[in-house]
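*Asks:* Structure, please.
(chains A and B)
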Protein chains: 2
Amino acid sequence: MEVTNRFITIKNPVDGAPRESDFETKAEALSLKLEPGSSDIIVKNLYVSIDPYQINRLKSHSSSQSASSFAVRIIPGDTIDASGVARVVASGNPEFEKGDLIVGLLAWGDYTVVKPGGMLRKFDPMGFPLSYQVGILGFSGLTAYAGFFEIGKPKKGEKVFVSAASGSVGHLVGQYAKLFGCYVVGSAGSKEKVIFFALPFESTDMYFPDGIDIYFDNVGAEMQEAAIANMNTYGRVAVCGVISEYTDGKKRAAPEMLDVIYKRIKFQGFLAADHLNLYQDFISTTCNHLRSGAIYPLEDISDGVESIPSAFTGLFQGGNIGKKVVRITEE
Amino acid sequence: MEVTNRFITIKNPVDGAPRESDFETKAEALSLKLEPGSSDIIVKNLYVSIDPYQINRLKSHSSSQSASSFAVRIIPGDTIDASGVARVVASGNPEFEKGDLIVGLLAWGDYTVVKPGGMLRKFDPMGFPLSYQVGILGFSGLTAYAGFFEIGKPKKGEKVFVSAASGSVGHLVGQYAKLFGCYVVGSAGSKEKVIFFALPFESTDMYFPDGIDIYFDNVGAEMQEAAIANMNTYGRVAVCGVISEYTDGKKRAAPEMLDVIYKRIKFQGFLAADHLNLYQDFISTTCNHLRSGAIYPLEDISDGVESIPSAFTGLFQGGNIGKKVVRITEE
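*Replies:* Alright, predicted model coming up:
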């Protein structure tokens, strides 16, 4: 059986704010039958994740390529990989069989052909929506959990500031922090987001009369400088992302280093992939919170491969609230 | 008995590079006999430390005042405190008696009147020059030791970059790192310093074909940016001081945050005072190295109270090598 596989690619490197016209949809014929002896796995994509960090792979130059697979450059015309949920349609790997639900590194498209060594695992939805596997129960959730608990090392009652607090990771950090017993303030890019969250946001000064103990940074630049200026002694900065710097090469955070020294501030970049040791804790804690209704995951779901470019560009226009996901098909 | 006590003060806040004309020597009559019932201790200063960080206390505005006593502003006309070595001449405190050698927080001047609660302790010179108590066996040494071992968390064979590597702290970090088994490159402000140390210095790229694992930052600004750009995954930055930013309020380090994230770089400001738990280790290790000749402390000693202003301003002109100390008197 042969199908048409549509996938999204870039026409050119994307160095500023991404526009829908930077992307195009390609179509190729794809046989759903494997060659004899092949170890590939063909999956039908159900949900794919749309994440701000992907912009850094679409640029003409990726300075940190060697440091992480998350930074490897994507060439115009290539498929764009992303975490996602899919169903196996053909498998040359004895560990997977047709019909299995998997989560892993897929492509922005209808189907993904996963080569041997590709990142895939079967999962049990445990009664939760499949989309949660790329959001609250996937890398977004683990990023929030690991960054807050492992990098932030919170103590009850500490004051936590989260930037991009309505984003895929930020809205979970805020909720983990509140459930843990911290005082939390978030910032978001627009009034509607703030109202939606009932998070106060005008200036960091106004809401931190007792200073900031933990800053969970999703934004970088001036916001990071302001957070450090308002930080308490022994404060911690978990640097998760710097979305305001991604599309403007001249934007940088230049915090006052005397503050960093005198307040003995710790500052750490991190990736969730380094914290898989927390995975069981993270899943059991988060599933309990989900079942009790204590945590509320926000999703912003678009439909169809063709909606991917606008879903992605919207991330940089303040257009989404919560985890951005594209549902490729209902099955 | 009454003496004339000369001390150094500032005529005005010092906001740019310090000039000798910013300072003046004052003289006051000081009785070396305590009032009955006084708990003060009067000491005759022998050596006082001259440190770059002191500039931050002489400015018209100290942003981090509340965070550390090292940042509390000094008002024109006041004495300027500094660590130093002295001999007790009169004591109202039963724990100290006339003739005791002490190390502690003294004033840039001939004598210091230490009020109850002041930081003083007796010490045994152990056969080493008294000046070592403010250098290699004092806060400079502990700063190098704690910053390198506790913040840097080195492993043998790792690549270490030290800026201001001929300074009071930097030249010890380099030596601790070499003795520990690391590959070390230092930067210094002038060709003579480089030759003196036989430390190569042109660009960080040239000397780190395998990248930097630990950056011991004494300088800040562009040097910090360059170090982070050349850093390996899981690199650590111990932020000890940022001398290039002290006298230029517009100079800031703005490292590439994508490097910080993708390379999971840890960045930490620190003060030696937080690491007194290491004190015994530090002293025993360092005394062993001194006795075996494995470590070589560099000192740059000037004589007399009147030499303090030029000793201090010289720190910002690249004029000294090693620990800058003023010998107030030979006794």
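
*Asks:* And A:Ala17, its phi and psi?
*Replies:* According to degrees, to the nearest 10, the main-chain angles of A:Ala17 amount to phi -70, psi 130.

*Asks:* and A:Glu95, how many neighbours?
*Replies:* Here the count is done by other CB atoms under 10 Å in any protein chain shown, and A:Glu95 has 10 residues near it. To be clear about C-beta, it is placed using only N, CA and C from the backbone, and glycine gets the same treatment.

*Asks:* what about it, helix or strand, and which?
*Replies:* Element membership of A:Glu95 [criterion: DSSP states H and E] is none; it lies in no helix or strand.

*Asks:* May I see the buried residues of stretch A:169-182?
*Replies:* Across stretch A:169-182, burial judged by 16 or more other CB atoms under 10 Å in any protein chain shown covers A:Val169, A:Gly170, A:His171, A:Leu172, A:Val173, A:Gly174, A:Gln175, A:Tyr176, A:Ala177, A:Phe180, A:Cys182.

*Asks:* where does it sit relative to the chain's centre, distance-wise?
*Replies:* Using CA atoms, centre = their mean, to the nearest Å, the distance from the centre of stretch A:169-182 to the centre of the chain it belongs to is 16 Å.

*Asks:* Helix, strand, or coil at A:Ser140?
*Replies:* Local secondary structure at A:Ser140 is given as helix here, using DSSP: H, G, I helix; E, B strand; the rest coil.

*Asks:* Wait, it touches A:His171, no?
*Replies:* No: in terms of CB atoms under 8 Å, A:Ser140 does not count as a neighbour of A:His171; the distance is 9.2 Å.

*Asks:* show me where pLDDT drops low in the stretch 101-250 of chain A?
*Replies:* Counting by pLDDT under 70, the stretch 101-250 of chain A shows low-confidence ranges at A:190-206.

*Asks:* show me where chain A has helices.
*Replies:* For chain A, the helices identified by DSSP state H occupy A:139-146, A:170-180, A:191-197, A:204-207, A:221-229, A:243-246, A:257-262, A:279-292, A:308-315, in order along the chain.

*Asks:* Just put those helices in CSV and tack on distance to B:Ile102.
*Replies:* Converted to CSV, those look like this (distance: least, CB to CB, whole Å):
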stretch, distance to B:Ile102
helix A:139-146, 48
helix A:170-180, 47
helix A:191-197, 57
helix A:204-207, 43
helix A:221-229, 38
helix A:243-246, 51
helix A:257-262, 26
helix A:279-292, 51
helix A:308-315, 62
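
*Asks:* so which of the ones you listed comes closest to chain B?
*Replies:* Proximity of the helices of chain A to chain B was assessed by CB to the nearest CB; the nearest stretch is helix A:257-262, lying at 3.8 Å.

*Asks:* Tell me which other helices or strands that closest one touches.
*Replies:* With contacts defined as 3 or more CB pairs under 8 Å, 6 or more residues apart in numbering or on different chains; DSSP states H and E, the secondary structure elements packing on helix A:257-262 are helix A:221-229, strand B:231-239, strand B:266-269.

*Asks:* The residue of chain A most remote from its centre and B:Phe208, how far apart?
*Replies:* Most distant from the centre of chain A: A:Pro36, at 37.0 Å, with distances by CA atoms, centre = their mean. The spacing between A:Pro36 and B:Phe208, counted by CB to CB, to the nearest Å, is 50 Å.
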